[in-house]
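**Q** curious how this folds, go ahead:
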Amino acid sequence: MRVHVTDLIPGDQIQHDAYNDKGVHVLQEGATLRLEDISKLGQHGIDYVEIKPRTLSLSLDPLSEISDSFNKVKPQFNLAFDGCSTLFTEASQTGKFNQSVVDDVFKPLVGSLDVHTDVVSLLLLFNGKDDYTYRHSIQVGMLSYYIADWMGYSKKEAYEIGKAGYLHDIGKSKISRDILDKPDKLTSEEFEQVKLHTVYGYEMISASMNDKITAMVALQHHERDDGSGYPRALGEEQIHPYAHICAVADVYSAMTTNRVYQSKQQLLTVLRELYSLSFGKLNGKPTHAFIQQMLPNFIGKKVLLTTGESGIIVMNHPSDYFRPLVKTDDRFIDLSKEYHTSIQEILL
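**A** Next up, the predicted model:
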């Protein structure tokens, strides 16, 4: 049964070895296709493959797979969420926190992340409107861990980087809730108060843990390579590499999460914005590693287009990664060519 790659579904079995036009072996005969395998075929320029005849048992539901993964991670996420609340409350009242709580609640979450490679689905599933500060802290911890792992850091180093991301905003526990929860845009005076969370975080972590690097990440995660950041307007070489990673995770999470005074932006649009920021603002190495690893996660995702049509992302366009090929019920839409059409929302 000869099928175009855009018509493949997870669960199809490939009948013969797949090679690209340069003779590179892409997939093995008999492989049961996953979303990432279908994406891989497209990225290698393979248009058609032979698959074994489909049966009803092969019509796997990607949403079911996502739901199963979500249910496996959810208990660890809830533990990290409750732990974050405990840490912020204690830090608010005493100026420090119990460092053992951090490992007790963050290690189980990291342990569950290694078996969940679909980061986009994970972010969508855990992106609620309540308690932005806690959800943001967890997301930044998770994303910092993933980025460090993708950049080749050891598991131990990646965990430490993730933990620094988890604690990066602990200084906000000293900022008035009236300011943090304000539904309108902050005044310049209020923003100056918020900026102090970097210094407060450094002080709290230093008082609670014998970990200068984690404290440094809290202090520097709003610094920018061109010296435009705060609190010290440091340049690229003065910023710790872990803080570079945390900054990427922080910006992505902040721009894609519902906040009191700002609605979330579309996940793929934010990747494009990160790419722009990687030339002078955010450090290029972690930013590009993040984008490179995130893009395949969008293959197979349902989307709502600005035309009102619904479809599925079937391929990342080689000339414009941020405007993919989308398949609707009756046509294929190449967003790299149809600039009047855009993705309005990515759905589960």
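**Q** give me the below-cutoff pLDDT ranges for the stretch 1-150 of the chain.
**A** 35, 54-70, 117, 125-130 (pLDDT under 70).
**Q** what about the helices in it?
**A** Counting by DSSP state H, counting those that start in this stretch, the stretch 1-150 of the chain forms helices over residues 35-43, 62-94, 99-113, 119-125, 132-150, given from the N-terminal end onward.
**Q** looking at those, which is buried most?
**A** The highest mean neighbour count among those belongs to helix 132-150 (a mean of 24), with neighbours defined as mean count of other CB atoms under 10 Å. Every C-beta, even on glycine, is put in place using the N, C-alpha and C of the backbone.
**Q** pLDDT on whatever helix or strand comes next after that helix, on average?
**A** Scanning forward in sequence from helix 132-150 by DSSP states H and E, the next helix or strand is helix 155-166. When pLDDT is averaged along helix 155-166, the result is 97.
**Q** adding distance to Val26, write the helices of the stretch 1-150 of the chain out as CSV.
**A** Listed next are the helices of the stretch 1-150 of the chain as CSV, based on distance: least, CB to CB, whole Å:
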stretch, distance to Val26
helix 35-43, 6
helix 62-94, 21
helix 99-113, 27
helix 119-125, 23
helix 132-150, 22
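**Q** between those helices, which gets nearest to Ser319?
**A** Of all these, helix 35-43 sits nearest to Ser319, with 12.9 Å by CB to CB.
**Q** what is the closest one packed up against?
**A** Secondary structure elements in contact with helix 35-43, counted by 3 or more CB pairs under 8 Å, 6 or more residues apart in numbering; DSSP states H and E, are strand 25-27, strand 310-317.
**Q** could you chop this structure up by domain?
**A** With domains defined by automatic domain parsing, the chain comprises 2-58, 62-295, 299-347.
**Q** winner for burial among those domains?
**A** Sort the domains of the chain by mean neighbour count, taking mean count of other CB under 10 Å, and domain 62-295 sits at the top with a mean of 19.
**Q** how far away from the center of its chain is that one?
**A** Its chain's average C-alpha position is 10 Å from that of domain 62-295, according to CA atoms, centre = their mean, to the nearest Å.
**Q** on that earlier part again, so for Ala80, which of the helices and strands packed on helix 35-43 sits nearest?
**A** Shortest distance between Ala80 and the helices and strands packed on helix 35-43, using CB to CB, is found for strand 310-317: 29.4 Å.
**Q** re the thing from before, so which of the helices of the stretch 1-150 of the chain is nearest Gln220?
**A** Once CB to CB is applied to those, the stretch that comes out nearest is helix 132-150, at 13.2 Å.
**Q** got the angle between the closest one and helix 99-113?
**A** Going by axes from the mean of the first three to the mean of the last three CA atoms, to 10 degrees, helix 132-150 is angled at 60 degrees with respect to helix 99-113.
**Q** and helix 132-150, what other elements does it pack with?
**A** Packed against helix 132-150, as judged by 3+ CB pairs under 8 Å, 6+ apart, are the following elements: helix 62-94, helix 99-113, helix 119-125, helix 155-166, helix 241-256, helix 284-294.
**Q** C-alpha coordinates for it, CSV please?
**A** Taking C-alpha atoms only, helix 132-150 is exported to CSV below (Å, rounded to 0.1, in the frame of the first residue of the first chain):
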residue,chain,number,x,y,z
TYR,A,132,1.0,32.0,37.2
THR,A,133,4.1,32.4,39.4
TYR,A,134,4.1,28.7,40.5
ARG,A,135,3.3,27.3,37.1
HIS,A,136,5.9,29.6,35.5
SER,A,137,8.6,28.4,38.0
ILE,A,138,7.9,24.8,37.2
GLN,A,139,7.9,25.4,33.4
VAL,A,140,11.2,27.2,33.6
GLY,A,141,12.7,24.4,35.7
MET,A,142,11.4,21.8,33.2
LEU,A,143,12.6,23.7,30.1
SER,A,144,15.9,24.6,31.6
TYR,A,145,16.5,20.8,32.3
TYR,A,146,15.5,19.9,28.7
ILE,A,147,17.7,22.6,27.1
ALA,A,148,20.7,21.6,29.2
ASP,A,149,20.2,18.0,28.2
TRP,A,150,19.8,18.9,24.5
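**Q** give the contact list for Asp131.
**A** For Asp131, the contact set (CB atoms under 8 Å, 6 or more residues apart in numbering) comprises Phe81, Ser85.
**Q** any idea how far it lies from Met209?
**A** Remark: distance between Asp131 and Met209 (CB to CB, to the nearest Å) = 24 Å.
**Q** swap in Glu160?
**A** Distance check for Glu160 against Met209: by CB to CB, it reads 11 Å.
**Q** export the helices and strands packed on helix 35-43 as JSON lines, with columns for distance to Asn78.
**A** Converted to JSON lines, these look like this (distance: least, CB to CB, whole Å):
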{"stretch": "strand 25-27", "distance to Asn78": "37"}
{"stretch": "strand 310-317", "distance to Asn78": "30"}
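**Q** so for Ser92, which of the ones you listed sits nearest?
**A** If we rank the helices and strands packed on helix 35-43 by CB to CB, the stretch that ends up nearest is strand 310-317, at 42.3 Å.
**Q** now the angle between helix 35-43 and that closest one, please.
**A** 50 degrees.
**Q** what helices or strands is strand 310-317 leaning on?
**A** The contact analysis (3+ CB pairs under 8 Å, 6+ apart) places strand 310-317 against helix 35-43, strand 302-305, strand 320-327, strand 332-334.
**Q** what angle do helix 62-94 and it make with each other?
**A** Using the same axes, to 10 degrees, the direction of strand 310-317 lies 80 degrees away from that of helix 62-94.
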